[in-house]
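Peer 1: this one's sequence-less:
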């Protein structure tokens, strides 16, 4: 908030119908909201040049004896596409008890109210507004309006005994791309700040799993708020889930396990506690159960399994080829900045260009009988919460840099598997190459130790995953097809990672490069196997997938 942000309302009733107050709207759009929004962590347009802020939709909602507004704020830029943001607006008189509880970050402007003063606020900081959200979701209320209906929906995760209960609420002090509320330390509510012109994939996926399966290792869907407009897709504004009490996410938990391992490396000792294998095996099992829950032959078109179509293959091929072209150029431009180990790995990658191109081209015409389903889409250790003795999988929004349409594309669940495999590789590599305890150890030695740990953990995860999926399963044809598809997704993921590391963490470039080189070695095994086909057909004598369980 800035001191200049002061509104003069002649009388309080002006607030009751701000849609028809053109002068007030104009002042909000030009004087109040631009400086306030630029202070908010959830505003993604700070690096661009805004040219216009516009309150595109204003939906009144009852708050106590007054009203608040769920508004959609449009932001236009000098370049690129416009964006829409959810911004709840509330007004409090200074002598109201609620005004004392508003933190500075929630105050948009000071307001003159005739003989008194007040505050224009982000309404989520008003407990009465939070009560309205919860109560309307519990009662499945609908607020009709000329710009569309606000539908408050309830899910199975909202307990029967809580339907008519007033739960204390608070705003979580987190700075992220969305805002978070808690009700009674039992329910977690996410306000989606940046809006898209269709249903949020996280709400779709979490509600589907909650309503159509018995998989209970996600925060169960308890409700949502949706804007329904005639002739347009639904827009998700809010989602409520069961709150999960967790120790930490699995990235931090894996880091703790790796600390024990790390301290042995300078003594040239190698051991992994049995507890580590148990937890990795359990995560592989939970991942398999998640994908079984998402595999539903009787689901509607949004979730029904689909084959590998030509259109899908071209989408993946186009993405990989685009990534490869950019990464080759980045490596050439930044080669001298790399350390010796990264330079050697980079040479292997660049010299294998023809091999990689042939492998990607094979994806275009190779017969594939496995199926595609909706998946998590951004699966890694940071998306898994460790509870006392188990795991809970969170954050089904998909890849942050992808469009909503792309996040809803059905993939082989092996894309999720590849994401977790890469995450384990990052965990051990970052720990060994970035710790003071190993600073004096030769890089090649650290790489060998890292590889040993990673391959044991990877195989443990994969064995548990495939054991859970079961054999046969329509999602996967056979071992050879699993290997091939997993390599496709591992290549895509590692090449994507490479661009980030070159640009922001050149000392970590060796990590994705090693992942790419591992894929290259497996592609070479496939070529050998293809050159020695028997009457039993195509197969892999050795390689990434050792298990015979699928």
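Peer 2: Now that the structure is in, tell me what you want to look at. In this text, all values refer to a predicted model and were calculated from it rather than measured experimentally.
Peer 1: Quickly list what residue 170 is bridged to.
Peer 2: Legend: beta-bridge partners of residue 170 under DSSP bridges are residue 182.
Peer 1: burial of it, as a residue count?
Peer 2: 15 (other Cβ atoms under 10 Å). (Glycine included, C-beta is placed from N, CA and C.)
Peer 1: what about it, distance to residue 184?
Peer 2: 10 Å (Cβ to Cβ, to the nearest Å).
Peer 1: and stretch 129-146, how far out from the chain's middle?
Peer 2: 27 Å (Cα atoms, centre = their mean, to the nearest Å).
Peer 1: which outside residues touch it?
Peer 2: 59-63, 68, 88, 90, 123-124, 149-154, 158, 162-164, 166-167, 169, 181, 183, 187, 189, 222-225, 238, 240 (Cβ atoms under 8 Å, 6 or more residues apart in numbering).
Peer 1: of the residues you listed, buried ones?
Peer 2: 59-61, 63, 68, 88, 90, 123-124, 149-154, 158, 162, 167, 169, 181, 183, 187, 189, 222-225, 238, 240 (16 or more other Cβ atoms under 10 Å).
Peer 1: out of the contacts of stretch 129-146, which are inside strands?
Peer 2: 59-63, 68, 88, 90, 149-154, 169, 181, 183, 187, 189, 222-225, 238, 240 (DSSP state E).
Peer 1: Touching, residue 16 and residue 67? I think so.
Peer 2: Yes. Residue 16 lies in contact with residue 67 (Cβ atoms under 8 Å); the separation is 6.1 Å.
Peer 1: So between these two, which is more surrounded?
Peer 2: residue 67 (18 against 13).
Peer 1: How about the contacts made by the more buried one?
Peer 2: Residue 67 makes contacts with 15, 16, 60, 61, as judged by Cβ under 8 Å, 6+ apart.
Peer 1: What's the separation between the third one and residue 19?
Peer 2: This points to residue 60. Note on residue 60: its distance to residue 19, by Cβ to Cβ, is 8 Å.
Peer 1: So the closest residue to residue 328 other than its chain neighbours versus residue 517, what's the distance?
Peer 2: Spatial nearest neighbour of residue 328, excluding adjacent residues (Cβ to Cβ, 6 or more residues apart in numbering): residue 350 at 6.5 Å. Distance of residue 350 to residue 517, computed by Cβ to Cβ: 11 Å.
Peer 1: Of the two, which one has the most company?
Peer 2: Comparing residue 350 with residue 517 by other Cβ under 10 Å, the one with more neighbours is residue 517, at 19 against 14.
Peer 1: Got phi/psi on the more buried one?
Peer 2: phi -60, psi -40 (degrees, to the nearest 10).
Peer 1: can I assume it is in contact with residue 345?
Peer 2: Yes. With contact defined as Cβ under 8 Å, residue 517 counts as touching residue 345 (5.4 Å).
Peer 1: and the gap between the residue lying farthest from the centre of the chain and residue 109?
Peer 2: Relative to the centre of the chain, the most outlying C-alpha is that of residue 115, 48.3 Å out, by Cα atoms, centre = their mean. Distance of residue 115 to residue 109, computed by Cβ to Cβ: 18 Å.
Peer 1: got it, and residue 309?
Peer 2: With Cβ to Cβ as the criterion, residue 309 and residue 109 are 52 Å apart.
Peer 1: Of those two, give the one with the bigger neighbour count.
Peer 2: In terms of neighbours (other Cβ under 10 Å), residue 109 is the more surrounded of residue 309 and residue 109; the figures are 22 against 12.
Peer 1: Does that one belong to a helix, a strand or coil?
Peer 2: strand (DSSP: H, G, I helix; E, B strand; the rest coil).
Peer 1: quick one: residue 495 and residue 513 touch, right?
Peer 2: No. Counting by Cβ under 8 Å, residue 495 stays clear of residue 513, with 9.8 Å between them.
Peer 1: between those two, who's got more neighbours?
Peer 2: Neighbour count, other Cβ under 10 Å: between residue 495 and residue 513, residue 513 has more, with 28 against 24.
Peer 1: quick one: stretch 504-524 to chain centroid distance?
Peer 2: That offset, for stretch 504-524, works out to 23 Å (Cα atoms, centre = their mean).
Peer 1: Identify the residues contacting it?
Peer 2: With Cβ under 8 Å, 6+ apart, stretch 504-524 has contacts from 334, 337-339, 341-342, 345-346, 348-349, 352, 355-356, 359, 422, 425-426, 429-430, 433, 443, 447, 451, 483, 487, 490-491, 493-495, 497-498, 501-502, 543-544.
Peer 1: switch to 6 Å and redo it
Peer 2: For stretch 504-524, contacts defined as Cβ atoms under 6 Å, 6 or more residues apart in numbering pick out 337-338, 341-342, 345-346, 348-349, 352, 355, 359, 425-426, 429, 487, 490-491, 494, 497-498, 501-502, 543-544.
Peer 1: can you check stretch 201-210 too?
Peer 2: Outside stretch 201-210, the residues touching it (Cβ under 6 Å, 6+ apart) are 155-157, 215, 218, 220-221, 224, 236, 239, 293, 303, 396-398, 407-408.
Peer 1: Let me see the ranges of the helices in the stretch 251-400 of the chain.
Peer 2: Taking DSSP state H, counting those that start in this stretch, the helices of the stretch 251-400 of the chain run over residues 274-294, 310-334, 340-351, 353-365.
Peer 1: Mind putting those into JSON lines with distance to residue 99?
Peer 2: Shown next, in JSON lines, are the helices of the stretch 251-400 of the chain (distance: least, Cβ to Cβ, whole Å):
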{"stretch": "helix 274-294", "distance to residue 99": "45"}
{"stretch": "helix 310-334", "distance to residue 99": "51"}
{"stretch": "helix 340-351", "distance to residue 99": "56"}
{"stretch": "helix 353-365", "distance to residue 99": "60"}
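Peer 1: Tell me the bridge partners for residue 66.
Peer 2: Bridge pairing for residue 66 - DSSP bridges - gives residue 63.
Peer 1: State the distance from it to residue 298.
Peer 2: 47 Å.
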